[in-house]
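Colleague: Quick one: sequence and predicted model below, then my questions.
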Amino acid sequence: MERTVASRHAYKGTPLVCGGHTRTRVARTTRQVVKVQAAEVAVLNETGEKTGTATLDLKSAGDSAKGLVHRYVVHVLRNQRQGTSSTLTRGEVRGGGRKPYAQKGTGNARRGSKRSPLIPGGGTIFGPKPKDWSAKMNKKERKLALSSALANAASSITVVPDLDNMFQDKKTKTVVGALSNFGVEDGEKVLLITKGRDNEGLYLGGRNIPKLCFNVMDNIHIYDLLNADKILMEESVVPYIQEKYSA
């Protein structure tokens, strides 16, 4: 027995001979290549005039970024599902214990229960049941996917000044005028990334705009990021993005 074990260890890692052909075992390793993508974004003042540019050095997954971002979107959308939809099968519907009519002589199809899925009021065939739709994804993969999406959308990003004291009147008309100054056209889907949730005038004035979406810098939604035609980012958000998603 000891000789057999020793012989197995002796031949471990050596080429295999099968049918006169020699095949060598090759260990396959997959390694994700992370690239750094630098992008310049325009910086505007309150009136919409360009005052300079800002540079974002963001990590990107390279050629595998598309698949990684897709996995992250699926992960987020699946985790949003409650999974509480439920229907009753024929065994769970109340009633139906008595045979509705005689087996023969009525001219109707034979029935054993009035709760058959074939008749109104009966059970549901293959209906939905409560289910856990959640999916897991590594924290580093989620971070790299969001960074890759930001790097890909850099051409649509515009840095605007902090909007703390611009909407004291809390009117939608004021928010629409500011968006127009920042280059937003009619019908464009806009994602506005703010540094916090304490700007009451902005949220109250902008919540009535159909294609305007708000995100906070520490909770950027991947779907909103990919769905937006134009991304507006407060000036205070840029250092946070640079620190969290840069190389």
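Modeller: Noted; the coordinates are in hand.

Colleague: residue closest to the middle of this protein?
Modeller: In the chain, the centroid-proximal residue (C-alpha atoms, centre = their mean) is residue 73; its distance is 2.6 Å.

Colleague: which phi and psi does that residue have?
Modeller: phi -60, psi -40 (degrees, to the nearest 10).

Colleague: Over to residue 219?
Modeller: Dihedral angles (degrees, to the nearest 10) for residue 219: phi -150, psi 60.

Colleague: do residue 151 as well
Modeller: Recorded main-chain torsions at residue 151 are phi -60, psi -40, according to degrees, to the nearest 10.

Colleague: Which residues are in contact with it?
Modeller: Residues counted as contacts of residue 151 (C-beta atoms under 8 Å, 6 or more residues apart in numbering) are 37, 39, 56, 58-60. Heads up, the C-betas are built off the backbone N, CA and C, glycines and all.

Colleague: what do you get for residue 232?
Modeller: Contacts for residue 232 (C-beta under 8 Å, 6+ apart) come out as 157-158, 160, 179, 182, 184, 190-193.

Colleague: Grab the nearest non-local neighbour of it.
Modeller: residue 192 (4.8 Å; C-beta to C-beta, 6 or more residues apart in numbering).

Colleague: Kindly provide the distance from residue 86 to residue 130.
Modeller: For residue 86, the distance to residue 130 equals 5 Å [C-beta to C-beta, to the nearest Å].

Colleague: Could you do residue 70 as well?
Modeller: Using C-beta to C-beta, one gets 27 Å for the distance from residue 70 to residue 130.

Colleague: residues in contact with residue 188?
Modeller: Residue 188 touches 211, 229-230, counting by C-beta under 8 Å, 6+ apart.

Colleague: what's the burial count for residue 92?
Modeller: By the criterion of other C-beta atoms under 10 Å, residue 92 has 11 neighbours.

Colleague: Which residues are in contact with it?
Modeller: residue 123.

Colleague: same question, the one 4 residues further on
Modeller: Contact partners of residue 96, counting by C-beta under 8 Å, 6+ apart, are 90, 113-116, 122.
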